[in-house]
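Novice: Give me a model of this one.
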Amino acid sequence: MKFSAALSLLTITGINAFTPSSFTSTTPVAHRSAASTALSMKYKVAVVGGGPSGACAAEIFAQEKGIDTVLFERKMDNAKPCGGAIPLCMIGEFDIPESTVDRKVRRMKLISPSNVEVDIGDTLQPNEYIGMCRREILDKYLRDRAVSYGAQAIQGLVTSIDVPEDHRMNSEKPYTIHYQEYAEGNSAGVPKTMDVNLIIGADGANSRVAKAMDAGEYNFAIAFQERIKISDEQMKFYEEMAEMYVGDDVSPDFYGWVFPKYDHVGVGTGTVVNRPAIKQYQKAIRDRAGDKIAGGKIIKVEAHPIPEHYRPRRVQGRMALVGDAAGYVTKCSGEGIYFAAKSGRMAAEAIVKLMEGGTRLPTQEEIERTYLRDYDRLYGPTYTVLDILQKVFYSNNGAREAFVELCNSKYVQQVTFDSYLYKKVQGNNPLDDLKLLGDTIGCLIKGYSIAKPDAKYENYVESLKRL
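Specialist: Just a heads-up that it's a prediction; the model follows:
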C-alpha cells in the first residue's frame with residue numbers, strides 16, 4: 001500500500017512539507033565504542049517486533065558494547081501485507097543491497113473513476129526508480145544485519161509486559177516481558193519471562209507494547225492484498241510499471257493498486273471509512289485491472305490494519321514506540337516502510353546517546369526531548385499536508401477525476417518523484433505553483449461536472465472501532 005503517487009499535488013499548498021533527507025549526508029551506521037564502565041552487568045534493551053522499525057533500532061543498540069540487545073519477532077519468515085514500495089533514498093541511507101529489490105518501477109499509470117489513464121515517469125532520470133520489495137526478503141535482511149552486530153534474536157510472541165507503577169520516576173525497576181518462545185518446526189510455544197531496562201515497541205498496529213504503556217487508541221485502515229501469479233507475457237507489461245486506480249468502486253477514501261513483484265503482482269486496496277466492504281473493493285480492483293491479470297492464480301491473500309495517525313502517547317517511562325506502533329504511516333500515499341526504518345533508527349540513536357555508553361538510563365522527558373522532537377520536526381508537516389490532500393482528492397469521484405487530470409502536468413510529476421524518492425521537494429517554482437493552483441480549481445470544476453455520484457454506504461457502529 002505504500003506508494004506515493006498521490007504526492008503529486010503537494011505544491012498546491014505552497015508548503016515544503018518534506019525536509020531534506022539525510023540521504024546525501026548520512027553514511028551507513030558506524031560502530032560506536034562504548035564508554036568504560038565499572039558495572040559488571042549491562043543494561044538490557046528489548047526491541048519488540050522484527051520489521052524495518054525494530055530491525056533498524058536493534059542494529060543501533062547492538063553496536064553499543066555497554067548494552068545487551070534482544071530482538072523479539074514472532075515469525076522470522078513473516079510476509080507482512082504491504083505494497084512493498086521503498087524510495088530510492090532508503091537504498092542509500094540504509095545501505096540496502098539491490099538484491100532485496102524485486103522490481104525497479106520507472107513508470108506509473110493512474111486510472112480515474114471513468115477510466116481515464118495518465119502515464120507518469122517521463123521526468124525520472126535513468127538511474128532513478130521506486131523499489132518494489134517483498135517484505136519477507138527486506139525484513140530478513142535488516143534483521144540479519146542487526147544480529148550480525150550482536151543483537152540476540154528470539155522467535156517469540158510477547159504476550160504481556162509487567163510495568164512498575166513508578167516506572168516514570170524510578171529507573172532502577174525493570175520491566176518484565178512475558179512471551180512464548182517458538183522452536184523451529186514446533187507450533188507450540190514455551191512460556192518464558194525476561195527482565196529488561198528499556199523497551200522499543202516496533203510491533204505494528206496491534207502493538208502489545210502500546211497496550212502495556214497505555215499509549216491510547218488510533219483509527220485504522222484495513223489493507224487487503226492478493227498476490228497473483230500471472231503469465232510471463234502479462235508480467236512483461238508490469239516489468240517496470242505500477243498501476244494506481246481511484247474511484248469509489250475500489251475504495252471510498254483511498255486507492256487500489258497493482259504492484260509488480262519478483263514473479264507475480266500484488267493487487268490490493270484499503271479503506272478506513274467502510275472496512276466491512278473490503279472484499280467488495282478487492283473484487284472491484286481485480287475487475288478494473290481486467291485482462292492484464294485475467295487467468296492469474298491467487299497464491300497468497302493478505303490483510304492487515306494500518307494506522308491513520310500518531311498514537312496519543314508514543315513514550316512512557318523507558319518505553320518508546322516506533323513505526324506502525326507509533327502511527328507513522330502517511331495519509332494519501334499510505335507509505336510506511338521508510339518512516340518505520342527512519343523512526344527506529346532515530347529513536348535508537350537518541351537513546352544510545354542519552355545512555356552515555358551504557359552507563360545510565362534515560363528519562364521519559366529526555367526521550368521526548370530528543371527522539372520525538374527531532375522526528376516531529378522532520379516529518380510532522382509531511383503528515384499534515386498529506387492528510388489534507390487525502391481529504392481533498394480522495395473524498396469523492398469528482399475530486400478523483402481532478403486528481404488524475406492534474407497528474408498530466410510534468411511539473412506535478414517532477415515534484416511527485418522528488419518528494420517520494422528523496423523525501424524533499426526540490427526547486428519549487430512560484431510561478432508554476434501559482435499556475436498549478438489555477439489548474440487545480442479548473443480540474444475540480446471539470447471533475448465534479450463529469451463524475452458519477454459516489455455509492456452510499458452506512459456502517460456507523462463499525463467505523464467507531466479503534467486499535
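Novice: Pass me the low-pLDDT residue ranges in the stretch 351-467 of the chain, would you?
Specialist: For the stretch 351-467 of the chain, applying pLDDT under 70 flags the ranges 425-428, 460.
Novice: Could I get the full set of strands for it?
Specialist: With strands called from DSSP state E, counting those that start in this stretch, the stretch 351-467 of the chain shows none.
Novice: Next one: Gly438 relative to Val385, how far apart?
Specialist: 20 Å (Cβ to Cβ, to the nearest Å). All C-beta spots, glycine's among them, are computed from the backbone N, C-alpha and C.
Novice: Look at these two and report which has more neighbours.
Specialist: Val385 (23 against 9; other Cβ atoms under 10 Å).
Novice: Distance-wise, check Val315 relative to Ile199.
Specialist: Counting by Cβ to Cβ - Val315 and Ile199 are separated by 11 Å.
Novice: cool, Thr123 as well?
Specialist: Thr123 is 44 Å from Ile199, by Cβ to Cβ.
Novice: More neighbours: these two, which one.
Specialist: Taking neighbours as other Cβ under 10 Å, Thr123 and Ile199 compare with Ile199 leading, 27 against 15.
Novice: And the pLDDT for that one?
Specialist: With respect to pLDDT, Ile199 has a value of 98.
Novice: For it, which non-adjacent residue is spatially closest?
Specialist: Nearest non-adjacent residue to Ile199, counting by Cβ to Cβ, 6 or more residues apart in numbering: Met319, 4.5 Å away.
Novice: Next, the contact list for the one you found, please.
Specialist: Val163, Tyr175, Leu198, Ile199, Ile200, Gly201, Val209, Ala212, Met213 (Cβ atoms under 8 Å, 6 or more residues apart in numbering).
Novice: Now for these: which two are most distant?
Specialist: Between any two of the contacts of Met319, the greatest separation by Cβ to Cβ is 14.7 Å, found for Val163 and Ile200.
Novice: Look at the two and report which has more neighbours.
Specialist: Each of Val163 and Ile200 has its neighbours counted (other Cβ under 10 Å); Ile200 has more, 31 against 19.
Novice: Give me the sheet partners of the secondary structure element (helix or strand) that the more buried one belongs to and which way each runs.
Specialist: According to DSSP states H and E, Ile200 maps onto strand 198-201. The pairing partners recorded for strand 198-201 under DSSP bridges are strand 43-48 (parallel), strand 319-321 (parallel).
Novice: contacting residues around that strand?
Specialist: 43-49, 54, 57-58, 161, 175, 177, 207-210, 213, 215, 318-322, 325-326, 344, 347-348, 351, 361-362.
Novice: Where does pLDDT dip in the stretch 1-150 of the chain?
Specialist: Looking at the stretch 1-150 of the chain by pLDDT under 70, you get 1-40.
Novice: What are the boundaries of the strands in it?
Specialist: Counting by DSSP E, counting those that start in this stretch, the strands of the stretch 1-150 of the chain are 43-48, 67-73, 85-86, 103-105, 107-111, 117-120, 130-132.
Novice: My guess is Cys443 contacts Ser409. True?
Specialist: No: the pair Cys443 / Ser409 is not scored as a contact, 9.8 Å apart, by Cβ atoms under 8 Å.
Novice: Quick check, central residue of this structure?
Specialist: Taking Cα atoms, centre = their mean, the centroid of the chain lies closest to Gly336, which sits 1.1 Å from it.
Novice: That residue touches Ala326, doesn't it?
Specialist: No: judged on Cβ under 8 Å, Gly336 makes no contact with Ala326 at a distance of 10.5 Å.
Novice: What about Gly270, how many residues nearby?
Specialist: Counted with other Cβ under 10 Å, residues neighbouring Gly270 total 28.
Novice: no no, Asn170
Specialist: Around Asn170 there are 10 residues (other Cβ under 10 Å).
Novice: can you check the one 5 residues further on too?
Specialist: By other Cβ under 10 Å, 23 other residues sit near Tyr175.
Novice: ok, it - contacts?
Specialist: Contacts of Tyr175 (Cβ under 8 Å, 6+ apart): 46, 161-164, 167, 195-199, 318-319.
Novice: 10 Å - rerun?
Specialist: 44, 46, 161-164, 167, 194-199, 209, 212-213, 317-319 (Cβ atoms under 10 Å, 6 or more residues apart in numbering).
Novice: With Thr271 as the reference, name the closest of the strands of the stretch 1-150 of the chain.
Specialist: Here strand 107-111 is closest among the strands of the stretch 1-150 of the chain (Cβ to Cβ), at 17.7 Å.
Novice: Check which helices and strands the closest one sits against.
Specialist: When contacts are defined as 3 or more Cβ pairs under 10 Å, 6 or more residues apart in numbering; DSSP states H and E, strand 107-111 packs onto strand 117-120, strand 241-245, strand 256-260, helix 397-406, helix 410-422.
Novice: Name the residues of stretch 77-95 that are buried.
Specialist: For stretch 77-95, a neighbour-count test (16 or more other Cβ atoms under 10 Å) marks 80-94 as buried.
Novice: Report the two of the residues you listed separated the most.
Specialist: Spanning the widest gap among these are Pro81 and Gly92, at 26.7 Å by Cβ to Cβ.
Novice: still on that earlier bit, tell me, what's touching Val315 and Ile199 both at once?
Specialist: With Cβ under 10 Å, 6+ apart as the test, Val315 and Ile199 both reach Met213, Leu321.
Novice: Helices along the stretch 251-400 of the chain, start to end?
Specialist: 278-289, 323-326, 337-355, 364-367, 373-393, 397-406 (DSSP state H, counting those that start in this stretch).
Novice: which strands and helices sit next to the first one?
Specialist: With contacts defined as 3+ Cβ pairs under 10 Å, 6+ apart, the secondary structure elements packing on helix 278-289 are strand 220-229, strand 241-245, strand 256-260, strand 265-271, strand 297-307.
Novice: tilt between that helix and strand 265-271?
Specialist: Counting by axes from the mean of the first three to the mean of the last three Cα atoms, to 10 degrees, helix 278-289 points 130 degrees away from the direction of strand 265-271.
Novice: returning to that earlier point: tabulate the helices and strands packed on helix 278-289 (JSON lines), appending distance to Gln280.
Specialist: What follows is the helices and strands packed on helix 278-289, written out as JSON lines (distance: least, Cβ to Cβ, whole Å):
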{"stretch": "strand 220-229", "distance to Gln280": "10"}
{"stretch": "strand 241-245", "distance to Gln280": "14"}
{"stretch": "strand 256-260", "distance to Gln280": "12"}
{"stretch": "strand 265-271", "distance to Gln280": "10"}
{"stretch": "strand 297-307", "distance to Gln280": "14"}
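Novice: Need those strands in a markdown table (columns: distance to Glu458 and mean pLDDT).
Specialist: A markdown table is the format used below for these (distance: least, Cβ to Cβ, whole Å; pLDDT from 0 to 100):
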| stretch | distance to Glu458 | mean pLDDT |
| --- | --- | --- |
| strand 220-229 | 17 | 95 |
| strand 241-245 | 24 | 97 |
| strand 256-260 | 22 | 96 |
| strand 265-271 | 14 | 95 |
| strand 297-307 | 21 | 93 |
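Novice: Which one of the ones you listed lies nearest to Tyr149?
Specialist: Going by Cβ to Cβ, the one of the helices and strands packed on helix 278-289 nearest Tyr149 is strand 297-307, 28.5 Å.
Novice: which neighbours does that closest one have in its sheet, and in what orientation?
Specialist: Applying DSSP bridges, strand 297-307 is found paired with strand 220-229 (antiparallel).
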